[in-house]
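A.B. asks: Could you look at this predicted model? Sequence included:
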Amino acid sequence: MTAPTPSAARPARAEPLLSVRDLVKTFPGKRGRAGRAGAPIRAVDGVSFDVGKGETLGLVGESGCGKSTTGRMIVRLLDPTSGTVTFDGTEIGGLSQAELRPHRRHLQMVFQDPYSSLNPRQTVARIISEPLLIQGASAADARKRAAGLMELVGLIPEHIDRYPHEFSGGQAQRIGIARSLATSPRLVIADEPVSALDVSIQAQVVNLMERLQQELGLAYVFIAHDLSVVKRVCDRVAVMYLGRIVEIGAKEEVYGNPAHPYTRALLSAVPLPDPAAERARERIVLLGDPPSPANPPSGCTFHPRCPKAQELCRTERPLLRITGPGAREAACHFPEVAQNAT
Ligand SMILES: Nc1ncnc2c1ncn2[C@@H]1O[C@H](COP(=O)(O)OP(=O)(O)OP(=O)(O)O)[C@@H](O)[C@H]1O
């Protein structure tokens, strides 16, 4: 996550820790006034990516594009409609909950809102111990480990018998992180882990996640709509639009030389620290809101909002081909990679 080396200098990755292929999640359509079911909602519409051991993949995109649904399917809080989730060589997407149990400890999730994701009636000891108790640990061992985890995430172990409301937002998120680490996972899906926190606290929690990654060798799927945070934490980034990945690649490539018009538009809205550069740069304004996943446009689903759309974009859907774990691709008929960019 913090490795300053450019992606090109990193050693080639071995077998990915996580491989997601053609993942689809369809929710039933909402019932209309006449009681008739609406069109099904294709929240995730054929998503594929890999995450290497110890790597951070950022998953970005506007609200409603399917980021959380993708994350929840990976940890099986939601069952995929179709597609595969392969974790460390085992296809877990289709396992029953009982079959999943031995794998579950390796895959954990951190949620956006620390307060609503922590049971207000349970003490921190109980919250952090619970995953261990489920795995068969004794109460005494689980409590000891919970105290150790509190220390690891920068909380005072003596506060172990307090309740979530006795902690600040940042501290509560540390409890959520400690809980996610209880079973020594290898992959953590962090779903907007800092977006509910004050900006000053966000950096502290991001620092903590980076440190934990280095100490524990964790891989992260870091879901966020804040591109500045993702730029800081991730090695690679996948940009989602209306249930699909429209661009994926190493962070330096996607941020430095975005190929998809949607990525370009998202990046053009990120404020630049240098006021002169901020004034000089072109801002691409996206027209309207994203279409409903219950009624996606034909062709490239981004075409109604795309400043570069041509006839082909209205009729034919561009596909993202995954060519390997380090794929760099944009699902666009007319990608805009600048020839001389880094
Ligand atoms: N349980 C559900 N039933 C019906 N539709 C759902 C359900 N969960 C999510 N959706 C819909 O699926 C789409 C994707 O939602 P999702 O929460 O995955 O997006 P997101 O990118 O994580 O957005 P946000 O950043 O706002 O959380 C949205 O249109 C959402 O309304």
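C.D. replies: Noted; the coordinates are in hand.

A.B. asks: Mind listing what's buried along the helix or strand containing Asp50?
C.D. replies: Here Asp50 sits within strand 41-51, counting by DSSP states H and E. Using 16 or more other C-beta atoms under 10 Å as the test for burial, strand 41-51 gives Ile41, Arg42, Ala43, Val44, Asp45, Gly46, Val47, Ser48, Phe49, Asp50, Val51. To be clear about C-beta, it is placed using only N, CA and C from the backbone, and glycine gets the same treatment.

A.B. asks: quick check, it touching the ligand?
C.D. replies: Yes: under the criterion of C-beta under 6 Å from any ligand atom, the ligand is reached by strand 41-51 at Ile41, Ala43.

A.B. asks: Neighbouring strands - and their directions - for that strand?
C.D. replies: strand 18-27 (antiparallel) (DSSP bridges).

A.B. asks: now the strand it pairs with, how far from the centre of its chain.
C.D. replies: Computed by C-alpha atoms, centre = their mean, to the nearest Å, the chain-centroid distance of strand 18-27 equals 13 Å.

A.B. asks: List the buried residues of it.
C.D. replies: By neighbour count with 16+ other C-beta under 10 Å, strand 18-27 contains the buried residues Leu18, Ser19, Val20, Arg21, Leu23, Val24, Lys25, Thr26.

A.B. asks: Any residue of it touching the ligand?
C.D. replies: Yes: Strand 18-27 is in contact with the ligand by C-beta under 6 Å from any ligand atom, via Phe27.

A.B. asks: before we move on, the earlier item: can you lay out the buried residues of strand 18-27 as a markdown table showing pLDDT and distance to Glu210?
C.D. replies: What follows is the buried residues of strand 18-27, written out as a markdown table (pLDDT from 0 to 100; distance: C-beta to C-beta, whole Å):
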| residue | pLDDT | distance to Glu210 |
| --- | --- | --- |
| Leu18 | 96 | 19 |
| Ser19 | 95 | 24 |
| Val20 | 95 | 24 |
| Arg21 | 94 | 29 |
| Leu23 | 96 | 27 |
| Val24 | 97 | 33 |
| Lys25 | 97 | 30 |
| Thr26 | 97 | 36 |
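
A.B. asks: right, and the helix or strand after the helix or strand of the chain with the lowest mean pLDDT?
C.D. replies: Lowest on mean pLDDT, DSSP states H and E among the helices and strands of the chain sits helix 275-280, with a mean of 82. Later in the chain than helix 275-280, the nearest helix or strand by DSSP H and E is helix 311-315.

A.B. asks: Can you tell me which residues in this protein are near the ligand?
C.D. replies: 27, 41, 43, 61, 63-69, 225, 293.

A.B. asks: Identify the residues contacting the helix ranked longest in the chain?
C.D. replies: Counting by DSSP state H, the longest helix found in the chain is helix 199-216. Residues outside helix 199-216 that contact it (C-beta atoms under 8 Å, 6 or more residues apart in numbering): 1-2, 54, 56, 152-154, 168-170, 173-174, 177, 181, 184, 190, 193-195, 197, 218-220, 229, 232-233.

A.B. asks: mind listing what's buried in stretch 126-139?
C.D. replies: Arg126, Ile127, Ile128, Ser129, Glu130, Pro131, Leu132, Ala137.

A.B. asks: Name the nearest residue to Thr183, sequence neighbours excluded.
C.D. replies: Arg105 (3.6 Å; C-beta to C-beta, 6 or more residues apart in numbering).

A.B. asks: For that neighbour, the count of nearby residues, please.
C.D. replies: 16 (other C-beta atoms under 10 Å).

A.B. asks: for the one 4 residues further on, same thing?
C.D. replies: Neighbouring residues of Met109 were enumerated by other C-beta under 10 Å; the total is 23.

A.B. asks: for the one 10 residues further on, same thing?
C.D. replies: Applying other C-beta under 10 Å, we find 12 residues neighbouring Asn119.

A.B. asks: That one contacts His165, correct?
C.D. replies: No: at 11.2 Å, Asn119 does not count as touching His165 under the criterion of C-beta atoms under 8 Å.
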